[in-house]
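Visitor: coords please:
(one chain, ligands or ions: 2)
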Amino acid sequence: MNQLQTITIEQNENWQNFVDPSVDLFEEINKLKKQKKTIILAHYYQDSDIQDIADYIGDSLGLAREAQKAEAEIIVFAGVHFMAETAKILNPTKKVLLPDLNAGCSLSDSCPPEVFKKFKEKHPDHLVVSYINCSAEIKAMSDVICTSSNAKKIVESFPKEQPLIFAPDKNLGAYINKITGRSMLLWNGACMVHEIFSLEKIIKLKTRYSTAKLIAHPECEEPILRIADMVGSTTELLKYSQSDSEDTYIVATEAGILHQMIKNSPQKTFIPAPPNNSCACNDCPHMKLNTLEKLYACLVNEKPEVLMDEKIRLAAKKPIEKMLEISKLAGV
Ligand code: 13P
Ligand code: SF4
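Guide: Ligands and ions are numbered 1, 2, ... in the order given. Prediction:
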């Protein structure tokens, strides 16, 4: 059977079975990419095959910047929904595809717009700083967006006396409160992946590998961040693992980042921080919904496409652009 016919079959829960396993997906995706003037943007938490075929791999800030300046006709966003949505908000004339439209985010889901609206109304004197891991509706209700790479600078761009709400990640918010000496009002949201690490098991690992450094994403809980040797966004953790002189690292973030760490520093040892129960793992189930097969299918079919209401897009664009401006001025 012709391969393209095989996968233009409407996607359903078994659709992966229709991709002929003898197809060289790397070759086919590369061909389609050129034919269809496509750019593939991937987050570090994606499967290693997807990272290897991407035109750009980065953290949320880097991905937003790449999406904004993309000249390709199609952007395939190998990440989760809020990231692809951000790409569409910033570059609306492009067709933005997400290999699996169900790739959501537990942190984004922890902040339902109608509940947040009421919360915001109770604090009319507060301005809203929202972490980029939220829906377009939440962005539209925010004064500025931030990512883990620029959160400190974004918060510091407001006068100290300005009351602020920080949403939706309580862990990142608490960390920024601590390092800036602020007392922002925190929305009670969290990421299911970054809340899974076991402090006890990490301490045991640090005892066993006495020189190992703990590097952690600020979405982790406070006890983990308190003992971390370095706290940063995925890009910052990756850069640190390259430039630092130690040879062993315990990595407290989603396990996908280890692919780039090992690629860039093959002589070093990277240990994923252990989760608090043996049935759990530190793979993000949302990120990992995207597969190379789905990426191939979405390029052939040019769907699923990320679309949104124009009024919400315009309202969400303002605080994202404000973030990009502040970051640029602050040299982040
Ligand atoms: P960064 O890549 O911006 O550090 O964010 C991590 C994350 O949780 C993405 O979902
Ligand atoms: Fe969302 Fe956490 Fe997955 Fe990032 S790792 S996409 S914050 S659930």
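Visitor: quick one: pLDDT of S22?
Guide: S22 carries a pLDDT score of 89 in this model.
Visitor: SS state for the spatially closest residue to G58 that is not a sequence neighbour?
Guide: Of all residues not flanking G58 in the chain, T235 sits nearest, at 6.3 Å (Cβ to Cβ, 6 or more residues apart in numbering). Where you see a C-beta, it was placed from the backbone N, CA and C, and this is true even at glycine. In terms of secondary structure, T235 is helix; the call rests on DSSP: H, G, I helix; E, B strand; the rest coil.
Visitor: which residues touch T235?
Guide: T235 makes contacts with 44, 58-59, 61-62, 149, as judged by Cβ atoms under 8 Å, 6 or more residues apart in numbering.
Visitor: now it: how far from ligand 2?
Guide: As defined by Cβ to the nearest ligand atom, to the nearest Å, T235 lies at a distance of 14 Å from ligand 2.
Visitor: which parts of the protein are strands?
Guide: Shown for the chain, the strands assigned by DSSP state E span residues 38-43, 56-58, 74-78, 95-97, 127-131, 144-146, 164-167, 185-186, 213-216, 230-231, 248-252, 269-272.
Visitor: for E114, which of the ones you listed is the nearest?
Guide: Relative to E114, the nearest member of the strands of the chain by Cβ to Cβ is strand 164-167, separated by 13.8 Å.
Visitor: counting by contacts, list what the closest one packs against.
Guide: Taking 3 or more Cβ pairs under 8 Å, 6 or more residues apart in numbering; DSSP states H and E as contact, the helices and strands that strand 164-167 lies on are helix 113-121, strand 127-131, helix 170-180, strand 185-186.
Visitor: what's the pLDDT at the most centrally placed residue in the chain?
Guide: Centroid check for the chain by Cα atoms, centre = their mean gives S60 as the closest residue, at 5.0 Å. Note on S60: pLDDT of 98.
Visitor: look up how far ligand 1 lies from the closest residue to it other than its chain neighbours.
Guide: Nearest non-adjacent residue to S60, counting by Cβ to Cβ, 6+ apart: T147, 4.3 Å away. Taking Cβ to the nearest ligand atom as the measure, T147 falls 5 Å from ligand 1.
Visitor: T147 and S130 touch, don't they?
Guide: No - using Cβ atoms under 8 Å, T147 makes no contact with S130, being 10.5 Å away.
Visitor: for the residue nearest to K117 when sequence neighbours are not counted, what are its contacts?
Guide: Sequence neighbours aside, M141 is the residue nearest to K117 in space, at 6.4 Å (criterion: Cβ to Cβ, 6+ apart). Residues in contact with M141, defined by Cβ under 8 Å, 6+ apart, are 113, 116-117, 120, 128, 130, 315.
Visitor: and M141, how close does it get to A330?
Guide: According to Cβ to Cβ, to the nearest Å, M141 stands 24 Å off from A330.
Visitor: avg pLDDT for stretch 175-190?
Guide: Here the average pLDDT along stretch 175-190 is 98.
Visitor: what does the stretch 1-150 of the chain put close to ligand 2?
Guide: With Cβ under 6 Å from any ligand atom as the criterion, the stretch 1-150 of the chain meets ligand 2 at residues 45, 80, 105-107, 133.
Visitor: quick one: low-confidence ranges for this protein?
Guide: Along the chain, the model assigns pLDDT under 70 to residues 1-18.
Visitor: need the residues of it near ligand 1, please.
Guide: In this structure, the chain approaches ligand 1 at residues 59-60, 133, 147-148, 191, 217, 219, 233-234, judged by Cβ under 6 Å from any ligand atom.
Visitor: now the buried members of those.
Guide: 59-60, 133, 147-148, 191, 217, 219, 233-234 (16 or more other Cβ atoms under 10 Å).
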